[in-house]
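In: Coordinates for the following, if possible.
(3 chains)
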Amino acid sequence: MSAKLEERSIVVPGDLIYEGKVRAGDNTYRDGGNVYATKVGLVNYSKDRVSVIALEGGYTPLVGDLVVGTVTDIELGQWLVNIDGPGDAILTVNEAIDKPFRTSLDMTQILEVGDLIVAKVVDLDRNRTPVLSILGRDLGRVHEGFVIRITPSKIPRLIGKKGSMINMILKETRCNVTIGQNGRVLINGRSREDEEIVESVIHKIEAEAHTSGLTNRIQEYLKSIKEEKK
Amino acid sequence: MSNSMVSRLKRKKIDEVIKTGKRMDGRDLTQYREWQIRTGFLEKSEGSAEVKLGKTHVVVGVKSGIGTPFEDSPDEGVMMVNAEYTPVAHPTWEPGPPPESAIELARVVDRGLRAAEVLSMEEFGLVSGEKVQMVFVDLYVLNFDGNLIDACSAGALAAMNTAQLPEFKVNKGEVTTTDKTKKLKLRAHPIAVTVVKIGDEFIVDATADEEEVMDGRITITLDENNNVNAIQKSGPIGFTVDEIKKCINIASEKAAEIRAKVMASA
Amino acid sequence: MSKTRKRKSNKTWERVDGRKQDELRPIHIESGVIPNADGSAYIEMGRNKIIAGVYGPREMHPKRLSKPNQGVLRVRYHMAPFSVDPRRSPAPSRRDTEISMVMRDALEPAMFLERYPRSAIDVYVEIIQADGGTRCASINAAAVAIADAGIPMKDLVAACAAGKYEGKIIVDLGDYEDKKGESDVPVAYMPKFDQVTLLQMEGIMTRDETEECIKLAVEGCKKVYEIQKEALKKKYGMIQGEAKPEPEAEAEAEPEEAPAEETQEPEERLDVDEPEEDEKQ
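Out: Predicted structure coming up:
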């Protein structure tokens, strides 16, 4: 029974990471008596399980996720929304407005195809189709700002432990940043300059998500940019 | 092109930013992204060029072949330009025959080359009325982030400029290959510059996002003597004559810059 | 100074490019080369130059072709007109269709399609230059591209061909050997399971020779496999085993309903603490 690799080594699909009985965590699978990696990532041995922290990966919707999506189609009583997941999500009229749905309702008055929304995943139906809602504070159609996209598996890094990373960025740049778990980040700042700084910081975090000492480096980076601009 | 399907938010943001004289990626309105051009990297193709313009990535191949001439020009070779939108290049691109924008791309690049008389087609005749040398230029899009016309036009020129075509021997109506190759001689160096209109502003080298929200565009192809070889206006809007003149001026300035990069890649 | 050695009978047999019988052409693989794609890879295998791009898992269109219980893997093998001599038409040929199909069958065993009902995983392969063994090189690029997209796989799939040329059993046939030789046996293989997932054969060989070819091809696949792994890791500037173990703070807030082995539960997402390992250049 043994860990086969050094903690945090990089693994690829098929790599043997544990021989013997152990809980197979994220991005691993058990075959015979062993546990193998299923994605490119960093192997993680904790007390009761082995897992792989994925360095690449698409978005798998979870109930409770905040997502930024694009309306792609209008059907009777619902919109289809692209949230970069394995399938489109559904937003029903009931989850968009407080009034009861009537067929005379012109849905384009609420949301048009192409509109951007901030929504919460409130359910995964029996087909695992994500069900969204925009009822709630800070949810709904986006009126200002722009979206950049990063690999969804790196979103936790952008948020940081208890929000430490993102809060630091917000403090230094005075921008509104809404982070979608699906890898889409909505940015709205008072000035283009601030927005550009936020954009470059986010891309830097994405590129270096797998390295250590990142929070400090980002802090230095932010400071140096502000010095330059002075 | 701007239509109701396009994100209102995206159009709004790009509009706002462009009015300040800058683009979303920080460029000036008449500034191109970084060009990376390399040539002659496909050993089995008579000519080749790879162009990266920002994230737009295209490969151009020049191939030679034997074919039949057109009836009205029995001693002239035939040049054909074709474009492929590979499904790798964009999440919304599906496998299948070229869509109308790919056909327009190929024809606009072709028009620029042909009108500028880049090749002396008489040099490609072999057996009068029966056999001539063909020059195929294939534009292959590998990643789409806007401005395919300019990228492909530069790529086509770069590939043709470094192409080595096989030499043929004609004996009593029979065409045979020799071991020799000859550098493709170009009589002109046309370059296409596409100017995009968003609201009242004009930009060059639009990204995919900018093309998504644009109102329309004009492509102007010019040769090294600053002659206009081809123009293509595209998009469901109108341009005033003054606007057209403005676009031609912008194109003229930019064509020289791009041409220098293309010729340096040989 | 020339060295001459007396030979008994024939001069030493050599392959057209001087390779040994069990020697593969030089291979170079790079991942993440197409920005728009979810995953991508570029491979050079000899003079083959091939790009693979992956999109998915994503909503499948048209919906009527989707499957209720699993994702659909769609593979498209396509050649650029300038990839061969003479130039070929860009329209898909029957050969393209067949290769697309066997490629799909080669890659599917490595995937967890049951996790993506009604979705599609699209793998697009573009041959920029062809020089023999393109279907094997394509599979090699496709497997790397799928992993680059972060789509879970049981193992990478590596491919390599073997065959017979001038009576000798050789590995990784070049275009010339393929055209002039006595047989060609492309093979794809998952090393972890010791399973062959693509096998085709064309030519005239005894059963023993055929078996020898398959074995030689599998050995070739194992060599390619190592190169594929390095290509995926290269992006992060790290090589396996070099990270130093360090005591570290546990990752935050692990939810109670953790996924069991081989579960189809959606993955947990943790607020990741800073990895403590050294940064590798």
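In: A:Ile169 touches A:Asn176, doesn't it?
Out: No. Taking contacts as Cβ atoms under 8 Å, A:Ile169 lies outside contact range of A:Asn176: 11.3 Å. In this view, the C-beta of every residue, glycine as well, is placed from N, C-alpha and C.
In: Pick out whichever of those two has more residues nearby.
Out: A:Ile169 (21 against 16; other Cβ atoms under 10 Å in any protein chain shown).
In: Do you have the strands of chain C handy? List them.
Out: C:27-31, C:39-45, C:48-59, C:72-79, C:119-129, C:158-165, C:168-171, C:183-190, C:195-199, C:202-203 (DSSP state E).
In: Switch these over to JSON lines; also include distance to chain A and mean pLDDT.
Out: JSON lines is the format used below for the strands of chain C (distance: least, Cβ to the nearest Cβ, whole Å; pLDDT from 0 to 100):
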{"stretch": "strand C:27-31", "distance to chain A": "9", "mean pLDDT": "97"}
{"stretch": "strand C:39-45", "distance to chain A": "7", "mean pLDDT": "98"}
{"stretch": "strand C:48-59", "distance to chain A": "4", "mean pLDDT": "97"}
{"stretch": "strand C:72-79", "distance to chain A": "11", "mean pLDDT": "98"}
{"stretch": "strand C:119-129", "distance to chain A": "4", "mean pLDDT": "98"}
{"stretch": "strand C:158-165", "distance to chain A": "10", "mean pLDDT": "97"}
{"stretch": "strand C:168-171", "distance to chain A": "22", "mean pLDDT": "96"}
{"stretch": "strand C:183-190", "distance to chain A": "7", "mean pLDDT": "98"}
{"stretch": "strand C:195-199", "distance to chain A": "12", "mean pLDDT": "98"}
{"stretch": "strand C:202-203", "distance to chain A": "29", "mean pLDDT": "96"}
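In: so which of those strands gets nearest chain B?
Out: Within the strands of chain C, the stretch nearest chain B is strand C:48-59; the backing value is 3.4 Å (Cβ to the nearest Cβ).
In: Relative to the closest one, what are the paired strands and their orientations?
Out: Looking at strand C:48-59 with DSSP bridges, its partner strands are strand C:39-45 (antiparallel), strand C:119-129 (antiparallel).
In: can I get the CA coordinates of the longest one in CSV?
Out: Okay, so that is strand C:119-129. The C-alpha coordinates for strand C:119-129 follow below in CSV (Å, rounded to 0.1, in the frame of the first residue of the first chain):
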residue,chain,number,x,y,z
SER,C,119,-23.1,15.6,-25.1
ALA,C,120,-20.6,15.5,-27.8
ILE,C,121,-16.8,15.4,-27.7
ASP,C,122,-15.5,16.5,-31.1
VAL,C,123,-12.0,15.6,-32.2
TYR,C,124,-10.8,17.3,-35.4
VAL,C,125,-7.5,16.2,-37.0
GLU,C,126,-6.0,18.1,-39.8
ILE,C,127,-3.1,16.7,-41.8
ILE,C,128,-0.9,19.6,-42.8
GLN,C,129,1.7,17.3,-44.4
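In: Look at the residue lying closest to B:Ile220 once chain neighbours are set aside and tell me its secondary structure.
Out: Nearest residue to B:Ile220, sequence neighbours excluded (Cβ to Cβ, 6 or more residues apart in numbering or on different chains): B:Ala251, at 3.8 Å. At B:Ala251, secondary structure determined by DSSP: H, G, I helix; E, B strand; the rest coil is helix.
In: what sits against B:Ala251?
Out: Each residue near B:Ala251 by Cβ atoms under 8 Å, 6 or more residues apart in numbering or on different chains is listed here: B:193, B:195, B:220, B:222.
In: Against chain A, how distant is the last one?
Out: Relative to chain A, B:Leu222 is positioned 33 Å away (Cβ to the nearest Cβ, to the nearest Å).
In: Could you tell me which residues make contact with C:Ala142?
Out: By Cβ under 8 Å, 6+ apart, the neighbours of C:Ala142 are C:41, C:52, C:54, C:75, C:103, C:107, C:123, C:125, C:157.
In: Any chance of those in CSV with neighbour count as columns?
Out: CSV is the format used below for the contacts of C:Ala142 (neighbours: other Cβ atoms under 10 Å in any protein chain shown):
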residue, neighbour count
C:Ala41, 30
C:Ala52, 33
C:Val54, 27
C:Val75, 24
C:Met103, 27
C:Leu107, 25
C:Val123, 31
C:Val125, 30
C:Val157, 33
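In: Let me know the closest of the residues you listed to A:Ile74.
Out: C:Val54 (29.8 Å; Cβ to Cβ).
In: Which element, helix or strand, includes the nearest residue in space to B:Val170 that is not next to it in sequence?
Out: Of all residues not flanking B:Val170 in the chain, B:Leu126 sits nearest, at 5.3 Å (Cβ to Cβ, 6+ apart). Element membership of B:Leu126, judged by DSSP states H and E, is strand B:125-127.
In: What about the residue of the stretch 51-200 of chain C found nearest chain A, how many residues nearby?
Out: As assessed by Cβ to the nearest Cβ, chain A sits closest to C:Gly150 within the stretch 51-200 of chain C, at 3.0 Å. By other Cβ under 10 Å, the residues close to C:Gly150 number 24.
In: what do you get for C:Met153?
Out: Close neighbours of C:Met153, defined as other Cβ under 10 Å, add up to 26.
In: Beta-bridge partners for it, please?
Out: C:Met153 forms beta bridges with C:Met111, as assigned by DSSP bridges.
In: Quick check: pLDDT value at the residue nearest to B:Val170.
Out: At B:Leu126, the model reports a pLDDT of 93.
In: can I assume it is in contact with B:Gln133?
Out: Yes. Using Cβ under 8 Å, B:Leu126 is in contact with B:Gln133, at 6.2 Å.
In: If you count surrounding residues, which of the two has more?
Out: B:Gln133 (23 against 19).
In: for the more buried one, what are its contacts?
Out: Counted by Cβ under 8 Å, 6+ apart, B:Gln133 has contacts B:64-67, B:77, B:124-126, B:165, B:168.
In: Mind telling me what element the closest residue to chain C within the stretch 101-250 of chain B is part of?
Out: At 4.5 Å from chain C, B:Asp138 is the closest residue in the stretch 101-250 of chain B, using Cβ to the nearest Cβ. Taking DSSP H and E as the criterion, B:Asp138 maps to strand B:131-143.
In: which neighbours does that strand have in its sheet, and in what orientation?
Out: strand B:56-67 (antiparallel), strand B:78-85 (parallel), strand B:125-127 (antiparallel).
In: Now for the residue of chain B found nearest chain C: which residues touch it?
Out: Residue nearest to chain C within chain B (Cβ to the nearest Cβ): B:Gly61, separated by 2.6 Å. Neighbour list for B:Gly61: B:42, B:45, B:47-48, B:136-138, B:140, B:159, C:80-83, C:87 [criterion: Cβ under 8 Å, 6+ apart].
In: Which one (most neighbours) among those?
Out: B:Ala159 (31 neighbours).
In: quick one: which of the contacts of B:Ala251 is most hemmed in?
Out: Busiest of the contacts of B:Ala251 [other Cβ under 10 Å] is B:Val193, holding 29 neighbours.
In: which SSE is it in?
Out: strand B:191-198.
In: Can you dump the C-alpha atoms of that strand in CSV for me?
Out: These are the backbone C-alpha positions of strand B:191-198, laid out as CSV (Å, rounded to 0.1, in the frame of the first residue of the first chain):
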residue,chain,number,x,y,z
ILE,B,191,-1.3,43.2,-50.0
ALA,B,192,-4.9,43.3,-48.7
VAL,B,193,-5.8,45.6,-45.9
THR,B,194,-9.3,45.4,-44.3
VAL,B,195,-10.8,48.4,-42.6
VAL,B,196,-13.7,47.7,-40.3
LYS,B,197,-16.5,50.2,-39.4
ILE,B,198,-17.9,50.2,-35.9
